[in-house]
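> Based on what follows, work out the 3D shape:
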Amino acid sequence: EGPQIGRPIGELSWLQAALAEHEGPPPWVRAYKTQEPVLGVSIRIGGAGDGDEAEVRHALMNCAAICDAKGSPRGCIVTLDDVTELDRANIKLRQAMAQLEHSNEQIRQQNQELEKLANHDPMTGCMNRRAFYARAEKLFAQARSQGLPLACIMTDIDKFKSFNDTHGHAVGDQVIQQVSRLLKTAMRPDDLLCRYGGEEFCIVLPATSLPEAMRAAQHMRVRI
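Model (predicted):
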C-alpha cells in the first residue's frame, strides 16, 4: 500500500483483516496498556487478491510499549517477522517425516511377512523344521541347565494316504490344516508345534514330565 506515515494503525486494512479472527483488543493495545511485550502472535497476511497478490504470508507479530523517562507509555512499536518460508519448510519436513514413517511401517510389515514365510509352513502356519530346531535347541539347553523336564510328542495322521487316494490332494490338505488347528487349540502358549513332514507333526512341551506329556498327547488325540 506504499508508505503509511501519519496514518492511524486502525486504517491499515490488510492488518485489520489479518487480525479478524483474533479475539479481544489488538496486540499493540494490550502491550500499551499492560506495558508487557506481546510476542509471537501468528497472523496470515494477504489472500484477497488475484495472482501473485493473492499469496498468503505467514508472519509473527511482536508488540512492545514505548515509555518515557517516567515509565509512562507513549506509544507502541510493532514488528512483523515473515516466517512464510520457514512455515513451508516445516510443512515439507512434516510431510517427509510422515512418508518416512509410512515407509518404515511398510518395511516392518514386510519384514514380519518375510520372517513368517521363512519360519512357518505356509499351509498350516506351524513352524517349519529349521525354525523348530532353533527354538527346540534353546529349550533343550535351558531344561538341562535348570534341571527341568522337557517332553516331545511325535504324531501323524493315520490312514492319511486314503484321504488323498479317495478324495484328492486338495481334501488331504484340508485334513492337515484341520489337524494342525486342533493341535494348536490343545497346546499351551509356550509349547512348540512343527509340521515335521507331510502329515507328521512334532510338539515340544517345556517343563513337562512324562506323565503330563502322556495326558497332553491323549487330550490332543481325543480332540482329533
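> Disregarding flanking residues, what is the spatial nearest neighbour of Asp81?
Leu60 (4.7 Å; CB to CB, 6 or more residues apart in numbering). No exception for glycine: its C-beta is placed from N, CA and C like everyone else's.
> Tell me who's in contact with Ala207.
When contacts are counted by CB atoms under 8 Å, 6 or more residues apart in numbering, Ala207 is found next to Ala143, Leu148, Pro149, Leu150.
> How many neighbouring residues does the last one have?
Applying other CB atoms under 10 Å, we find 18 residues neighbouring Leu150.
> my guess is it meets Ser209, correct?
No: judged on CB atoms under 8 Å, Leu150 makes no contact with Ser209 at a distance of 9.6 Å.
> Give me the three-state assignment for Asn164.
Assigned with DSSP: H, G, I helix; E, B strand; the rest coil, Asn164 falls in the helix class.
> Ala59 now?
strand.
> So it sits against Thr79, correct?
No: using CB under 8 Å, Ala59 is not in contact with Thr79, being 9.5 Å away.
> CA atoms of the helix or strand containing Ala17 as CSV?
Per DSSP states H and E, Ala17 falls inside helix 13-18. Extracted in CSV, the C-alpha atoms of helix 13-18 (Å, rounded to 0.1, in the frame of the first residue of the first chain):
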residue,chain,number,x,y,z
SER,A,13,-6.9,-2.6,6.1
TRP,A,14,-4.5,-5.5,5.5
LEU,A,15,-3.5,-5.6,9.1
GLN,A,16,-7.1,-5.4,10.3
ALA,A,17,-8.0,-8.3,8.0
ALA,A,18,-5.1,-10.3,9.4
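> Now that helix: buried residues?
Leu15, Ala18 (16 or more other CB atoms under 10 Å).
> per-residue confidence averaged over it?
Helix 13-18 carries an average pLDDT of 84.
> how deep is His219 tucked in, by neighbour count?
His219: 11 neighbours (other CB under 10 Å).
> That one: what's it in contact with?
Per CB under 8 Å, 6+ apart, neighbours of His219: Ala186.
> Backbone torsions only: list them for it.
Backbone torsions of His219, given as degrees, to the nearest 10, read phi -60, psi -40.
> Just list what the worst-scoring helix or strand of the chain on mean pLDDT packs against, helices and strands only.
Lowest mean confidence among the helices and strands of the chain (mean pLDDT, DSSP states H and E): helix 13-18, at a mean of 84. Contacts defined by 3 or more CB pairs under 8 Å, 6 or more residues apart in numbering; DSSP states H and E place helix 13-18 against strand 38-45.
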